[in-house]
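Colleague: Structure for the following, please:
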Amino acid sequence: MLRLLAAHIGPQHMLWAFDRALRMTAVCSRTWGLSLGFGAAPSPVVRQRQGCCARSIVPDHMISRVVDRRRHSIDIRARLARAAAVDFTASADVPAPAVPRLGADIPLRLEEYNCDGVPLHLLLPDAAAVTRMYAAAGLEDRDSHWCHLWPSALALATELLQRPALLAGRRCYELGCGLGLAGLAAALAGASEVLLLDREPLALQCALLNASLNGLRIVDAPDAAEPGAGAAGSSSGSSGDAEGYNCTCPISGTGIRVADVPSPQEILPHLEPQDAARLQAGLSQREHSAGRCQLAGCVAAATFDWSRPEPLEPPDILLVADCLYAPSAVQAVAGAAPQLLSQAGGQLILADPLYRARSNRERFLRMLCKGSGFAVAAADERWALHTAGSGGRGASNGGGWSHDGGGSPQRVPIALLHLQRISCL
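Modeller: Below is the predicted model of the structure:
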């Protein structure tokens, strides 16, 4: 029945209508003084309204109806999401691909970002397609926020490119990397090794694709290397031999294999014609220009769940951009950071929107400085150019990559904090 209804009115409209119904139920329940929790509601409910002496008494049968509907809402929402992921125009005999592929199964678009005069180019996946993929796989707890580039990543990438001495020859991790812009900027600025960490394997594949797109060398994480391939495993990316490029940071998670990451040339047939033309022009321009990545380090990627952090070789610098978006994320990141920076002297560079959830950032700093031996070494503010509707787009500076996208750019203030671990408690 759900599939027939979704085919008739459209799956997205169906999800929208169901969400609106749940919101109206919640509003009515607050007005009546009902409890929408999963536990048993008090009977009868007597709610003292603020500013008056009136009381409202709700019968038991009305309470049980609302609570029963709430108990089944998650199951209904999951079924609707799975129905929305069904392509009703396709034949039922055609199986869905076991592992989604960037480009072939997940549409990509080409964007350009200007970080301190350095043009960086990213292939961004279609967030709606990723959401449908999660729904079809029954992963209702996942989201597609990583498909967008957020202003904090732009600000942090600019900061790193302006301070190459901070990164030269050092090992750098990016926690919750998403598309990996900050980590790529660290590699371009001279970090010897960059390890991108995220819980989403598809996000890590996209980040490595973007690293290769910008002329960086991508390598297998140690546990993902072929037997007998050595610590560096296979590599791809910028021109030149593999000597001098080595990723030695041992990981206990699941490393992303370079062989599973499509190359920019393999993505070309799956892009829109205008994006394909700009990508081809940019690749040709890079081949005929002097390589800017001669001093850049290697880039690897591994899955990492910050709510259940696993031990890793400690980095010199840990990058965190726009990860304090929820109280639960604050608790998780504040717990994972000391485990990653397990040695005194390690640095954490945090980029976070200045006026969004400031209490989360303050709580994060209290947890690190009072409970984990960190101290704030420097604090600054930076403006990031963000374009609404695209997840963020820096200013384009022409060339084969230039793109005049829609949306009006907005300057977003970003807080940049440099923390150093002074003691291991």
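
Colleague: Do you have the strands of the protein handy? List them.
Modeller: Under the criterion DSSP state E, strands of the chain are mapped to 45-48, 55-58, 108-115, 118-125, 171-175, 193-198, 217-219, 235-236, 298-303, 317-321, 347-353, 374-387, 409-421.

Colleague: Report the mean per-residue pLDDT for the fourth one.
Modeller: Which is strand 118-125. Here strand 118-125 scores 92 as its mean pLDDT.

Colleague: So what touches that strand?
Modeller: Identification of contacts with strand 118-125 by CB atoms under 8 Å, 6 or more residues apart in numbering yields 102, 106-114, 147-149, 157, 161, 179, 181, 184-185, 188, 202, 206, 209-210, 213-214, 264, 267, 282, 390-391, 394, 396-397, 399, 401. (Glycine included, C-beta is placed from N, CA and C.)

Colleague: can you list the strands of the chain in JSON lines and add distance to residue 271 and mean neighbour count?
Modeller: Listed next are the strands of the chain as JSON lines, based on distance: least, CB to CB, whole Å; neighbours: other CB atoms under 10 Å:
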{"stretch": "strand 45-48", "distance to residue 271": "57", "mean neighbour count": "13"}
{"stretch": "strand 55-58", "distance to residue 271": "57", "mean neighbour count": "13"}
{"stretch": "strand 108-115", "distance to residue 271": "6", "mean neighbour count": "22"}
{"stretch": "strand 118-125", "distance to residue 271": "8", "mean neighbour count": "22"}
{"stretch": "strand 171-175", "distance to residue 271": "26", "mean neighbour count": "27"}
{"stretch": "strand 193-198", "distance to residue 271": "23", "mean neighbour count": "28"}
{"stretch": "strand 217-219", "distance to residue 271": "20", "mean neighbour count": "28"}
{"stretch": "strand 235-236", "distance to residue 271": "19", "mean neighbour count": "18"}
{"stretch": "strand 298-303", "distance to residue 271": "22", "mean neighbour count": "28"}
{"stretch": "strand 317-321", "distance to residue 271": "26", "mean neighbour count": "26"}
{"stretch": "strand 347-353", "distance to residue 271": "30", "mean neighbour count": "24"}
{"stretch": "strand 374-387", "distance to residue 271": "20", "mean neighbour count": "16"}
{"stretch": "strand 409-421", "distance to residue 271": "24", "mean neighbour count": "19"}
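
Colleague: Figure out which of the ones you listed is closest to residue 254.
Modeller: With CB to CB, the closest approach to residue 254 among the strands of the chain belongs to strand 298-303: 4.6 Å.

Colleague: thinking again about what came up before, out of the strands of the chain, which comes closest to residue 255?
Modeller: From the strands of the chain, taking CB to CB, the stretch that ends up closest is strand 298-303, at 4.7 Å.

Colleague: So which elements touch that closest one?
Modeller: helix 181-188, strand 193-198, helix 201-213, strand 217-219 (3 or more CB pairs under 8 Å, 6 or more residues apart in numbering; DSSP states H and E).

Colleague: what comes up buried for the third one?
Modeller: Right, the one you point to is helix 201-213. 201-213 (16 or more other CB atoms under 10 Å).

Colleague: coming back round to it: want to throw the strands of the chain into a markdown table with distance to residue 142?
Modeller: As requested, these are arranged in a markdown table below (distance: least, CB to CB, whole Å):
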| stretch | distance to residue 142 |
| --- | --- |
| strand 45-48 | 36 |
| strand 55-58 | 37 |
| strand 108-115 | 19 |
| strand 118-125 | 13 |
| strand 171-175 | 18 |
| strand 193-198 | 12 |
| strand 217-219 | 24 |
| strand 235-236 | 28 |
| strand 298-303 | 13 |
| strand 317-321 | 20 |
| strand 347-353 | 23 |
| strand 374-387 | 24 |
| strand 409-421 | 26 |
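
Colleague: Please point out the stretch among those strands with the lowest average pLDDT.
Modeller: Among these, strand 45-48 scores lowest, at a mean of 36.

Colleague: circling back to that earlier point, how about the helices and strands packed on strand 298-303, which one is nearest residue 328?
Modeller: strand 193-198 (16.6 Å).

Colleague: neighbouring strands for the closest one, and are they parallel or not?
Modeller: Strand 193-198 pairs in its sheet with strand 171-175 (parallel), strand 298-303 (parallel), by DSSP bridges.

Colleague: Can you say which of those is nearest to residue 141?
Modeller: Using CB to CB, the nearest of the strands paired with strand 193-198 to residue 141 is strand 298-303, at 15.5 Å.

Colleague: Now do that closest one and helix 181-188, the angle between them.
Modeller: 150 degrees (axes from the mean of the first three to the mean of the last three CA atoms, to 10 degrees).

Colleague: What separation is there between residue 374 and residue 350?
Modeller: Relative to residue 350, residue 374 is positioned 10 Å away (CB to CB, to the nearest Å).

Colleague: which neighbours do those two share?
Modeller: Counting by CB under 8 Å, 6+ apart, the common neighbours of residue 374 and residue 350 are residue 419.

Colleague: any chance of the helices and strands packed on strand 298-303 in a markdown table, plus distance to residue 359?
Modeller: Shown next, in a markdown table, are those (distance: least, CB to CB, whole Å):
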| stretch | distance to residue 359 |
| --- | --- |
| helix 181-188 | 24 |
| strand 193-198 | 25 |
| helix 201-213 | 27 |
| strand 217-219 | 38 |
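
Colleague: Please consider this matter closed, and thank you.
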